[in-house]
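> need a structure here:
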Amino acid sequence: MAGEALNFHAVGENYLTEGYVVTPLTHELLKEHVRTTEGLVHTRFPPEPNGILHIGHAKAINFNFGYAAAHGGHCYLRYDDTNPEKEEERFFTGIRDMVEWLGYKPYKITHASDNFKELHEFAVQLIRRGVAYVCHQKQDEIKGHNPEQSPWRDRPVEENLKLFEDMKRGKLAEGEATLRMKHVMEDSKVDPVAYRIKYVPHTRTGDEWCIYPTYDFTHCLCDSIENITHSLCTKEFQGRRSSYYWLCNALDIYCPVQWEYGRLNLNYTVVSKRKIGKLISIGVVRDWDDPRLFTLSALRRRGYPREAINLFCTRVGVTMAQVSLEPEMLEACVRIVLNDTAKRAMAVMRPLGVTITNCSIGRSMVCSVPNIPHIDSAGTHTVSFTPHIYIDSDDFKENPESGYRRLAIGQSVGLKHTGYVLNISEVIRNTSGSVTGLNCTAEPLTLENKPRAFIHWVGADRLPCEFRLYHRLFLHKHPEDSNEVPGGFLTDCNPNSLEILYGFVDRTVAGCKPFDKFQFERVGYFSVDPDSTDEDHVFNLTVSLKEDSGKVNS
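Numbers count the residues shown, from 1 in each chain. Model (predicted):
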């Protein structure tokens with residue numbers, strides 16, 4: 001680990017961290033903490049199970065699991081399941097799947113709800129110590145940084161205990177009361193809420209509870225219960241650090257160290273769960289795994305290898321600054337990985353039929369194609385070169401511009417892997433004058449007839465398939481910025497973000513399974529979509545091949 005992580009404290013030396021609050025009990029609590037952890041680093045990745053993880057979470061996963069692994073320690077996967085009305089079982093499963101897909105195995109899988117009884121006992125202790133009280137102000141009255149002081153702030157302890165018990169027993173209506181802590185947070189927020197009433201069944205505890213703890217109350221206490229050594233979180237939680245330390249010390253329990261780092265943002269995206277939900281509900285995208293999104297499940301469906309995402313997170317590193325990057329940086333990492341792992345094949349997305357009239361190849365000819373050209377051990381596969389083939393219509397022009405190197409009348413082109421050169425003898429048209437096919441002759445490649453370009457093709461031994469080409473979902477770099485997009489992010493959606501084409505791929509891909517990856521020569525990297533079947537193959541464009549300034553003339 002590098003960057004700010006080099007400044008992190010050693011296990012048990014929390015007190016050496018700038019801003020850490022030391023109490024008369026600190027050193028004794030730290031000794032017990034070291035005994036319990038056996039001196040090993042303990043971190044945690046604590047997502048809320050109310051949506052799907054996105055590319056920013058990949059950085060958090062890499063940092064939390066990576067930091068623990070680099071120091072021979074452990075990392076928990078802890079679900080912050082304190083908002084039952086927004087939580088669904090599919091989100092619990094989806095989060096775990098993505099953590100494991102990225103290659104990480106949690107030391108333990110825990111839930112904030114595992115500690116509901118202990119958290120309730122902590123809340124009672126705060127009341128008994130005179131630092132928490134039941135308040136009847138409405139949410140609108142206490143939000144912001146300078147609300148009017150609660151008229152119930154100094155009510156007697158016994159009265160607070162009775163009212164909190166009434167909250168727990170369901171004797172008060174939702175919104176009628178909250179439990180608040182007597183503390184001013186670092187961002188000047190006064191008396192944060194510790195508990196609120198919610199008459200919503202919980203996915204794990206059912207109807208056992210009708211009061212639920214807030215993040216400000218739960219987060220640090222679960223960290224303490226699990227003996228977390230380094231509580232790693234993004235910069236937006238910096239304003240809660242003082243509350244984190246205050247609460248642990250107010251209860252005289254072990255206090256971890258909170259370290260903040262800059263979150264990862266990508267341009268041309270939105271990752272807000274609420275906003276993605278809106279895109280799904282109005283039909284802009286299909287679901288959380290739509291390949292135009294930057295959720296981890298969407299990136300996997302599009303064909304991004306986990307190794308590329310982890311490489312991207314490594315390259316970004318851990319800094320204290322907020323980082324907004326272009327998607328091209330992530331795409332570059334994808335190309336690096338797929339260049340060495342994706343088997344080559346040939347596919348034609350805009351088919352144009354070609355009949356070889358001189359039949360110099362006979363009925364068919366077997367051609368050997370390297371699976372990964374620069375890796376000999378990857379082996380080869382064969383394709384059949386037949387008198388009737390398909391090329392991509394983009395590789396033929398009747399009236400080419402200056403510098404055009406592919407097939408044209410009077411200009412030959414090579415066919416990859418065949419050792420043959422193609423020459424047009426006749427252009428076939430329909431009644432409306434549109435080109436529907438070509439008659440060509442083929443002659444063996446020699447030094448004298450070597451063409452300026454070689455193109456891909458598919459022969460008679462081909463499979464029909466669907467190609468899904470994805471483009472940016474948003475037209476502007478910052479779709480959530482009202483200065484850049486005054487009408488809001490929904491008005492910035494690209495109506496041409498999905499393009500579907502129907503063509504052919506060579507039969508060597510037969511038997512492919514969802515998420516298998518290929519490089520379709522001269523086109524790009526593609527992944528098999530889960531919608532694909534043995535009869536109907538569907539391929540998602542993962543990324544194009546590396547941009548080339550001479551692409552138009554290739």
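> Return the distance of stretch 528-535 from the chain's centre.
Computed by Cα atoms, centre = their mean, to the nearest Å, the separation of stretch 528-535 from the middle of its chain amounts to 22 Å.
> Am I right that residue 265 sits in a strand?
Yes: counting by DSSP: H, G, I helix; E, B strand; the rest coil, residue 265 is part of a strand.
> Helix, strand, or coil at the residue lying closest to it once chain neighbours are set aside?
Leaving out its chain neighbours, the residue that sits closest to residue 265 by Cβ to Cβ, 6 or more residues apart in numbering is residue 324, at 4.4 Å. (Glycine included, C-beta is placed from N, CA and C.) For residue 324, the secondary-structure state derived from three-state DSSP is strand.
> And residue 324, what's its pLDDT?
We have a pLDDT of 86 for residue 324.
> Contact partners for it?
By Cβ atoms under 8 Å, 6 or more residues apart in numbering, residue 324 lies in contact with 265-267.
> Which one (most neighbours) among the residues you listed?
residue 266 (21 neighbours; other Cβ atoms under 10 Å).
> Identify the bridge partners of it.
Taking DSSP bridges as the rule, residue 266 bridges to residue 325.
> doesn't residue 176 make contact with residue 166?
No: with contact defined as Cβ atoms under 8 Å, residue 166 does not reach residue 176; the gap is 9.7 Å.
> okay, and the helix or strand of this structure with the least pLDDT?
Every helix and strand of the chain was ranked by mean pLDDT, DSSP states H and E. The lowest is strand 323-325, at a mean of 86.
> Now do that strand: distance to the chain's middle.
That offset, for strand 323-325, works out to 15 Å (Cα atoms, centre = their mean).
> Check which residues of the following helix or strand past that strand are buried.
Where DSSP states H and E defines the elements, the next helix or strand beyond strand 323-325 is helix 327-341. Burial within helix 327-341, assessed by neighbour count using 16 or more other Cβ atoms under 10 Å, is assigned to 330-335, 337-339, 341.
> Could you report the pLDDT at residue 319?
81.
> no wait, residue 146
77.
> how far away is it from residue 32?
Distance of residue 146 to residue 32, given as Cβ to Cβ, to the nearest Å: 40 Å.
> Residue 260 now?
Residue 260 is 26 Å from residue 32, by Cβ to Cβ.
> Among those two, which residue is more densely surrounded?
Applying other Cβ under 10 Å to residue 260 and residue 32 shows that residue 260 carries more neighbours, namely 18 against 12.
> May I ask which helix or strand encompasses that one?
Residue 260 belongs to strand 257-261 when assigned by DSSP H and E.
> list the helices and strands that strand packs on?
Helices and strands touching strand 257-261, as assessed by 3 or more Cβ pairs under 8 Å, 6 or more residues apart in numbering; DSSP states H and E, comprise strand 230-234, helix 241-250.
> okay, the angle between the first one and helix 241-250?
Direction vectors for strand 230-234 and helix 241-250, defined by axes from the mean of the first three to the mean of the last three Cα atoms, to 10 degrees, enclose an angle of 150 degrees.
> my read: residue 473 touches residue 275, true?
No: counting by Cβ under 8 Å, residue 275 is not a contact partner of residue 473; they are 11.4 Å apart.
> Pick out whichever of these two has more residues nearby.
residue 473 (23 against 15).
> ok, the nearest residue to the more buried one once chain neighbours are set aside - contacts?
Nearest non-adjacent residue to residue 473, counting by Cβ to Cβ, 6+ apart: residue 292, 4.3 Å away. Shown in contact with residue 292 (Cβ under 8 Å, 6+ apart): 285, 298, 470-473, 497-498.
> if I look at residue 537, how far off is residue 130?
Distance from residue 537 to residue 130, by Cβ to Cβ: 69 Å.
> The chain: helices as residue ranges?
26-37, 55-70, 89-101, 116-128, 139-142, 157-168, 215-225, 241-250, 273-281, 296-302, 306-316, 327-341 (DSSP state H).
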